[in-house]
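>>> The amino acid sequence is not available; the structure is as follows:
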């Protein structure tokens, strides 16, 4: 069976996310800030 290591798949997902964000006019910093805010929000609801 030929499977990719988990880290390789994760890297591909991040690259895809960054490309989609760039196409929408967002920067890596914008994505980083958004993810940090969502992490903070999710911790408040636990």
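Everything's here; your move. In this text, all values refer to a predicted model and were calculated from it rather than measured experimentally.

>>> Output the lowest mean pLDDT helix or strand found in the protein.
helix 28-44 (a mean of 88; mean pLDDT, DSSP states H and E).

>>> Can you give me the neighbour number for residue 23?
When neighbours are counted by other CB atoms under 10 Å, residue 23 registers 8. Placement of C-beta: from N, CA and C, glycine included.

>>> ok, now how distant is it from residue 16?
Separation of residue 23 from residue 16 (CB to CB, to the nearest Å): 11 Å.

>>> Residue 41 too?
For residue 41 relative to residue 16 (CB to CB), the value is 24 Å.

>>> how close does the residue nearest in space to the middle of the chain sit to residue 21?
Nearest to the geometric centre of the chain sits residue 14, at 5.1 Å (CA atoms, centre = their mean). Using CB to CB, residue 14 is found at 10 Å from residue 21.

>>> the inter-axis angle of the helix or strand harbouring residue 13 versus helix 28-44?
Taking DSSP states H and E as the criterion, residue 13 maps to helix 6-23. Relative orientation of helix 6-23 and helix 28-44, computed by axes from the mean of the first three to the mean of the last three CA atoms, to 10 degrees: 110 degrees.

>>> what's the average pLDDT for helix 6-23?
Averaged across helix 6-23, the pLDDT comes to 90.

>>> So which residues make contact with that helix?
Helix 6-23 is contacted by residues 4, 27-28, 30-31 when judged by CB atoms under 8 Å, 6 or more residues apart in numbering.

>>> Which members of those residues are classed as buried?
Neighbour-count burial (16 or more other CB atoms under 10 Å) applied to the contacts of helix 6-23 gives residue 31.
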